[in-house]
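Engineer: Quick one: sequence plus predicted model below, questions after.
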Amino acid sequence: MSHEHRTRLTAGRVAGRPRLVLLAVAAPHLAMLSACGQMPAGAVGQIEQADGLVRSGQYDVAARLCTRVITDYPAHADTAEALYLRGMCFLYQGRVGPARSDFQAGLRLAKRPDLVSLLYAQLGNIDFSAEAWSSAAEQYRRAMPNLPRRAPSDRVLYQYAVALQRAGRFDEARPVFTRLLGEHAGSRYAEPARSKRAWSLDYFMIQCGSYSDIGRANEAASELRRRGIEALAIPGASGGSRLTAVRAGKYATYTAAAEDLGRIRAAVPDAFVLP
């Protein structure tokens, strides 16, 4: 006797935690291995019910159902899906620590390659939100082998590449941006991915503006230098663009650039770190 269970990962943000990205990789029809001698139909039904409750925003009820399965079948491979779903409930409730613990526990049980990828992707999202770039990149790397070619995996790929860049691993980031552009050409992440892939330097800078008139760009850069900010006007900095960019600094790490951003925003409120 077999049972089908659909796991649908959803995208969203936890109230009060705007940096936490709850992306998911849609995976319709993930088969649960339930047969005689394996997880009973009742437990499978609880997981299916919990899945529907998560999608309708009833996180407390869904988490309780998952907890029953986790308690009754702590070592069963199919319990990994209950751990995944409960972890998603915790994330939506802003409980990042318990969510991480459930995803890690799910990885110890999961046998299905697709579910393993989903668990690693969520761990990557947590680390990305925490700006733990190297750790996020490693979690996303492990999610890659069975990542489906459909949204929102485009966002997973984008954040993987960004995490690599922000960890200073520029050469490793470019092929990931290329994969995103190849698999998701129409994605809303395609244009920023194309721009970030074009970054040819091995350090970070802060963008302070773009000007169609090079004279105005030079004036802006001079004004920033008068205010103690080492700025340059760079014609055509955006890959063939006729605009002249005004950029400041030369930072070995993203962290150093981000730390200096506040000082520069006192002069240029919309300044941002590149790439």
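Structural biologist: All right, it came through fine.
Engineer: switch to C-alpha atoms for all contacts and neighbour counts from now on
Structural biologist: OK.
Engineer: V273 falls within a strand, correct?
Structural biologist: Yes: assigned with DSSP: H, G, I helix; E, B strand; the rest coil, V273 falls within a strand.
Engineer: my guess is it contacts G209, does it?
Structural biologist: No: using Cα atoms under 8 Å, V273 is not in contact with G209; the gap is 11.5 Å.
Engineer: Which positions in stretch 132-152 come out as buried?
Structural biologist: Buried positions in stretch 132-152, judged by neighbour count with 16 or more other Cα atoms under 10 Å: 132-144, 147-148, 151-152.
Engineer: can you check stretch 74-90 too?
Structural biologist: For stretch 74-90, by 16+ other Cα under 10 Å, it's 74, 77-90.
Engineer: Pick out whichever of those sits closest to Q58.
Structural biologist: C89 (8.5 Å; Cα to Cα).
Engineer: you'd agree that closest one is up against L65?
Structural biologist: No: in this structure, C89 is not within contact of L65 by Cα under 8 Å, at 11.2 Å.
Engineer: which strands and helices sit next to the host helix or strand of I126?
Structural biologist: Secondary-structure assignment from DSSP states H and E places I126 in helix 113-129. With contacts taken as 3 or more Cα pairs under 8 Å, 6 or more residues apart in numbering; DSSP states H and E, helix 113-129 sits against helix 96-109, helix 133-143, helix 153-166.
Engineer: The same query, at a cut-off of 7 Å, please.
Structural biologist: Using 3 or more Cα pairs under 7 Å, 6 or more residues apart in numbering; DSSP states H and E, the elements in contact with helix 113-129 are helix 96-109, helix 133-143.
Engineer: quick one: the helices in this structure?
Structural biologist: 41-55, 59-72, 79-92, 96-109, 113-129, 133-143, 153-166, 170-183, 190-197, 214-226, 254-265 (DSSP state H).
Engineer: what comes up buried for the longest one?
Structural biologist: Of the residues in helix 113-129, those buried by neighbour count under the rule 16+ other Cα under 10 Å are 114-129.
Engineer: and which of these is nearest to G262?
Structural biologist: The closest of these, once distances to G262 are taken by Cα to Cα, is S129, at 19.5 Å.
Engineer: Tell me who's in contact with the closest residue to E138 other than its chain neighbours.
Structural biologist: Nearest-residue entry for E138: G124, 7.6 Å, with adjacent residues in sequence omitted and distances by Cα to Cα, 6 or more residues apart in numbering. Contact partners of G124, counting by Cα atoms under 7 Å, 6 or more residues apart in numbering, are 136-137, 139-140.
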